[in-house]
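The following comprises the amino acid sequence and a computationally predicted model.
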Amino acid sequence: MQIITDQSLPAFPGERTVITIGAYDGVHLGHQAVISHVRQQAADLGARSAVVTFDRHPASVVRPESAPLLLTAPDQKMELLEATGIDAVIVVPFNDEQAAESPQSFVDRVFVRCLDTQLIVVGEDFHFGRHRDGNVDLLRKLGAEKDFDVEPLELLPRVDGVGEPVSSTAIRRALAGGDVTRANEMLGHVFEARGSVVTGDQRGRLLGFPTANVEVPNTISLPADGVYAGWYERPSGESYPCAINLGRRPTFYEHADSSLLEAHLLDFDDDLYGEQARVKFTHFLRSERKFDGIEALKEQLDLDTAHASQLLR
């Protein structure tokens, strides 16, 4: 997969493209369905397939006070897009200047001159450009002038009976409720948080449950505070089953400023400090709560690790 960051030059000289465009946060099942259609249409037309996306979520620029937390860090998003088999990802820098660009100018600069687009595939509710002035009708009008077609697709419905499509917003909502099973169903892959393993206060080791304290960027959407089962993946690719505590540790702290992600790897004893971790959430075990002393907490941790082991076996 090519990653193209310079839109001033033709991406595929002498070749036309079938494209889609969007933030693609999470690269969920709805995104995957659109990309699959793009690849099929490109194969039928003898064209290249491409995703046009942005180097940050557009909302972080146009409405930073209400911008959503991200389901995927930039590197993970690129890995997930590459796994779809798409030919190229065009990464458009999104800043104040880009936010002010008219839809007509964006189409001419990116879709026409850079990509020589033959077909654009988008969701039926698609909007783009300054003030979200661009939509499917405008794309069709511009396509008649610039020699490209537009195909709007119905949004992928959820399979759980909820009357809304699969979306990044619905996935964030599921995570906020601790429902990682539902979130993973809509993602089509296991939700994971990435970060560096940092030194903590060593309480887990003193309790007999050493943990990797994973420092996740504050731009990432995390599940609700609680205890989960999942997998810890090391940079080597080795994966270990783990019990995950995400929370403020009320047994020890009255008022913690933020939640901490701790992963207790099962049947593992080695130094993880400083390495990059990928923590994958597969099952919700229980909500976080305050215990009446260390022994009560240790008894619950025994139950948590046994439950996690059983689910992940």
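Nice, thanks for sending it over.

Scan this protein for its longest strand.
Counting residues, the longest strand found in the chain (DSSP state E) is strand 276-287.

What count of nearby residues applies to the residue lying closest to R16 once chain neighbours are set aside?
For R16, ignoring the flanking residues on the chain, the nearest one in space by C-beta to C-beta, 6 or more residues apart in numbering is Q118 at 4.1 Å. Where you see a C-beta, it was placed from the backbone N, CA and C, and this is true even at glycine. Neighbour count for Q118, taken as other C-beta atoms under 10 Å: 20.

Hmm, Q118 is touching R48, no?
No: look at Q118 against R48 with C-beta atoms under 8 Å: they stay out of range, at 9.4 Å.

can you give me the strands for the stretch 51-200 of the chain?
88-92, 117-123, 149-153, 192-198 (DSSP state E, counting those that start in this stretch).

same thing with the stretch 201-313 of the chain?
212-215, 226-233, 239-247, 260-265, 276-287.

ok so, going back, tell me how far the residue nearest to R16 lies from D44.
11 Å (C-beta to C-beta, to the nearest Å).

Show the contacting residues for Q98.
54, 61, 92 (C-beta atoms under 8 Å, 6 or more residues apart in numbering).

returning to that earlier point: any chance of a markdown table for the strands of the stretch 51-200 of the chain, columns distance to H31 and mean pLDDT?
Below are the strands of the stretch 51-200 of the chain laid out as a markdown table (distance: least, C-beta to C-beta, whole Å; pLDDT from 0 to 100):
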| stretch | distance to H31 | mean pLDDT |
| --- | --- | --- |
| strand 88-92 | 12 | 97 |
| strand 117-123 | 9 | 96 |
| strand 149-153 | 11 | 96 |
| strand 192-198 | 16 | 96 |
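
Same list (these) but as a markdown table, adding distance to F281.
Compiled in a markdown table, these are given as follows (distance: least, C-beta to C-beta, whole Å):
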| stretch | distance to F281 |
| --- | --- |
| strand 88-92 | 26 |
| strand 117-123 | 27 |
| strand 149-153 | 29 |
| strand 192-198 | 7 |
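
what's the neighbour count on the closest residue to F268 other than its chain neighbours?
Closest residue to F268 apart from its sequence neighbours, by C-beta to C-beta, 6+ apart: Y240 at 5.2 Å. If you count neighbours by other C-beta under 10 Å, Y240 ends up with 19.

list the contacts for Y240?
Y240 neighbours (C-beta under 8 Å, 6+ apart): 231-234, 265-268.

farthest pair in those?
E233 and D267 (15.6 Å; C-beta to C-beta).

Overlap in contacts, Q118 and R48.
Common neighbours of Q118 and R48 (C-beta under 8 Å, 6+ apart) are 16-18.

mind checking which helix or strand of this protein has the lowest mean pLDDT?
helix 203-207 (a mean of 59; mean pLDDT, DSSP states H and E).

related to what we said a few turns ago, does the residue nearest to F268 have beta-bridge partners, and which?
Beta-bridge partners of Y240, counted by DSSP bridges, are Y232.

Can you tell me how far it is from E233?
8 Å.

Then E299?
From E299 over to E233 the distance is 29 Å, taken as C-beta to C-beta.

Between the two, point out the one with more neighbours.
E233 (18 against 11).

Would you enumerate the residues in contact with that one?
E233 touches 192, 239-240, 277-280, counting by C-beta under 8 Å, 6+ apart.

Have a look at this protein and report its longest helix.
Determined from DSSP state H, the single longest helix within the chain is helix 294-312.

for that one, packing partners?
Applying 3 or more C-beta pairs under 8 Å, 6 or more residues apart in numbering; DSSP states H and E, we find helix 294-312 packed against helix 203-207, strand 226-233, strand 239-247, strand 276-287.

Dump the second one to PDB, restricted to CA.
C-alpha atoms of strand 226-233 as PDB (Å, rounded to 0.1, in the frame of the first residue of the first chain):
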ATOM      1  CA  GLY A 226     -13.600  -1.500  35.000                       C
ATOM      2  CA  VAL A 227     -11.900  -4.900  34.800                       C
ATOM      3  CA  TYR A 228     -11.500  -6.700  31.500                       C
ATOM      4  CA  ALA A 229     -10.000  -9.800  30.000                       C
ATOM      5  CA  GLY A 230      -7.900  -9.400  26.900                       C
ATOM      6  CA  TRP A 231      -4.500  -9.800  25.300                       C
ATOM      7  CA  TYR A 232      -1.200  -8.000  25.700                       C
ATOM      8  CA  GLU A 233       1.000  -7.900  22.600                       C
END
